[in-house]
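J.: how would this look folded up:
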Amino acid sequence: MNDGTVTLPWLVFRQDDNGNRYRVGRYATRAEAQKIADTLDGRGHQQLYWVEKLGPNGTGAAD
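T.: Predicted coordinates:
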């Protein structure tokens, strides 16, 4: 980008046992976001983790 800002379009989300959804973090690449999601998912808890790309309005589908 020309304005000097960093673009972090890839989001990692978590859904807990009660169906509550939370944004875990934002990342520059899908690979980086997927690595985080896989690491968290591999811990063996009941939570669900997934990756989404920011939409045109600047939010993920779970926001």
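
J.: C-alpha only now, for contacts and for neighbours.
T.: Will do.

J.: excluding residues flanking it in the chain, which one is nearest the residue nearest to the spatial centre of the chain?
T.: Centroid check for the chain by Cα atoms, centre = their mean gives Val12 as the closest residue, at 1.3 Å. Distances taken as Cα to Cα, 6 or more residues apart in numbering place Val51 nearest to Val12, at 4.6 Å, with adjacent residues excluded.

J.: how near is Pro56 to Leu11?
T.: According to Cα to Cα, to the nearest Å, Pro56 and Leu11 sit 14 Å apart.

J.: residue ranges for the strands of the protein, please.
T.: Applying DSSP state E to the chain gives strands spanning 10-15, 21-27, 48-53.

J.: what about the second one, average pLDDT?
T.: Mean per-residue pLDDT for strand 21-27: 96.

J.: which one of Pro56 and Leu11 is surrounded by more residues?
T.: Using other Cα atoms under 10 Å as the criterion, Pro56 and Leu11 rank with Leu11 on top: 26 against 7.
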